[in-house]
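Visitor: Can you look at this prediction? I've put the sequence above it.
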Amino acid sequence: MKISTKGRYGLKAMIDLALNSVNDSVTLKSISERQNISEGYLEQIFASLRKKGIIQGKKGSQGGYILGNSASDIYVGDILRALEGDLSVVDADENSEDRMDQCVNYNVWNKINKSINDIVDSITLEDLVMKYNTLANDVFMYYI
């Protein structure tokens with residue numbers, strides 16, 4: 001499994017939205033400019049996220065997007081699944097009667113798939129925002 005640009009850009013856009021929608025909605029144009037992502041591509045990404053209820057759109061002159069839930073209730077797994085679909089590395093055939101397939105499915109593919117899902121389902125959007133803020137506030141001083 002390889003996460004596409006849709007998934008990678010979607011995560012960046014969601015962090016940007018969480019950072020900037022504290023008191024108001026955020027336009028795609030502003031996210032596009034800050035993150036250097038095509039506004040048209042963001043429209044596709046946000047359509048998928050809106051369909052899953054992860055974000056909400058507001059129409060009108062003061063329109064834009066806000067989070068559908070609290071950042072602490074939105075998981076990276078939710079975002080990636082909305083944009084990428086199933087995150088399985090291999091679709092293991094659970095009903096296979098071949099013992100070799102059963103052995104590999106149980107001992108390799110199912111464990112890899114479970115590990116991936118456990119990781120993305122343990123990281124919230126709030127976690128990413130907090131890590132971003134920590135990185136943004138770290139000032140490195142270089143002396144020569």
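Guide: Structure's in. What do you need?

Visitor: And residue 24, how close does it get to residue 63?
Guide: Computed as CB to CB, to the nearest Å, the residue 24 to residue 63 distance reads 11 Å. Any C-beta I mention is one placed from the backbone N, CA and C, and that applies to glycine too.

Visitor: cool, and residue 4?
Guide: As judged by CB to CB, residue 4 and residue 63 stand 28 Å apart.

Visitor: can you list the residues that contact the helix ranked longest in the chain?
Guide: Looking across the chain with DSSP state H, the single longest helix is helix 5-20. Residues outside helix 5-20 that contact it (CB atoms under 8 Å, 6 or more residues apart in numbering): 26, 30-31, 34-35, 37, 41-42, 44-46, 48-49, 54-55, 65-67, 71, 74, 76, 79-80, 82-84, 125-126, 128-129, 132-133.

Visitor: residues touching residue 55, list them.
Guide: Residue 55 is in contact with 14, 17, 46, 49, 65, 66, 67, 68, counting by CB under 8 Å, 6+ apart.

Visitor: which among the contacts of helix 5-20 end up buried?
Guide: 26, 31, 37, 41-42, 45-46, 48-49, 54-55, 65, 67, 71, 74, 76, 79-80, 82-84, 125, 128-129 (16 or more other CB atoms under 10 Å).
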